[in-house]
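Q: Structure for this input, please:
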Amino acid sequence: MIDLGLTKIAVIGVVALVVIGPEKLPKVARMAGTLYGRAQRYLNDVKSEVSREMELDELKNLRKQAEEAASTFKDEMENSIGKDMREVEAALRDQDSSAAPALNLYTPTNDDIARKARDFRRKRVVRNAAVPLWYKQQAGVRTHVISGAARMKRHRPGSRNTASFF
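A: Model prediction:
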């Protein structure tokens, strides 16, 4: 960058005053300032774009490394799992026929099924047992289905009928 000190700026100002004249000097100074500002903005834009490109290149390299690591990990896992599966299949093939009945699952009898049905019915009755009406009213449990409009009317202030039957 150009090294401009106070004395150099003063000399440039005096020369500009003599060459350009006092009438046109403010216009020229304004124009020089705007051009200098544009040049600075352009340089800053170029610098930021270059830095963005450098960061983008770094991110691309990082992505490539991550993809390579993931693919090697995937290959290792596939080889490991394939090896384990082959070992399991070989162990199952080598197993003698006397161990085969141990692999059979439990099959429920008719008594087991009937017992489970009774338990289910008993649990359902307990779950849906009759709750006293006074308890429902005290706990605020709804006993009837009410539409949204009826619910709004019921809870709207001043909507209650204050007139008694007598």
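
Q: how much space is there between the residue nearest the centre of the chain and Val50?
A: Here the mean C-alpha position of the chain is nearest to the C-alpha of Arg63 (C-alpha atoms, centre = their mean), at a distance of 20.9 Å. Counting by C-beta to C-beta, to the nearest Å, the gap from Arg63 to Val50 is 20 Å. For glycine as for every other residue, the C-beta is placed from the backbone atoms N, C-alpha and C.

Q: Also Leu92?
A: With the distance defined as C-beta to C-beta, Leu92 ends up 63 Å from Val50.

Q: can you check Asp94 too?
A: 66 Å.

Q: same question, Ile12
A: Counting by C-beta to C-beta - Ile12 and Val50 are separated by 31 Å.

Q: on that earlier part again, before we move on, which element is the residue nearest to the centre of the chain in?
A: Arg63 is part of helix 25-94, with elements assigned from DSSP states H and E.

Q: Let me see the mean pLDDT of that helix.
A: Within the predicted structure, the mean pLDDT of helix 25-94 is 91.

Q: who touches stretch 36-56?
A: Here stretch 36-56 makes contact (C-beta atoms under 8 Å, 6 or more residues apart in numbering) with no residue beyond itself.

Q: can you give me the offset of it from its chain's centre?
A: The chain centroid and the centroid of stretch 36-56 are separated by 33 Å, computed with C-alpha atoms, centre = their mean, to the nearest Å.

Q: CA atoms of it as CSV?
A: What follows is stretch 36-56, C-alpha atoms only, in CSV (Å, rounded to 0.1, in the frame of the first residue of the first chain):
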residue,chain,number,x,y,z
TYR,A,36,-11.3,5.5,-3.7
GLY,A,37,-14.3,4.1,-1.8
ARG,A,38,-15.4,2.0,-4.8
ALA,A,39,-11.8,0.7,-5.2
GLN,A,40,-11.7,-0.3,-1.5
ARG,A,41,-15.1,-2.1,-1.8
TYR,A,42,-14.0,-3.9,-4.9
LEU,A,43,-10.8,-5.1,-3.3
ASN,A,44,-12.8,-6.2,-0.2
ASP,A,45,-15.2,-8.1,-2.4
VAL,A,46,-12.3,-9.8,-4.2
LYS,A,47,-10.6,-10.7,-1.0
SER,A,48,-13.8,-12.2,0.5
GLU,A,49,-14.5,-14.2,-2.6
VAL,A,50,-11.0,-15.6,-2.6
SER,A,51,-11.3,-16.6,1.0
ARG,A,52,-14.7,-18.2,0.3
GLU,A,53,-13.2,-20.2,-2.5
MET,A,54,-10.4,-21.3,-0.2
GLU,A,55,-12.9,-22.4,2.5
LEU,A,56,-15.0,-24.2,-0.1
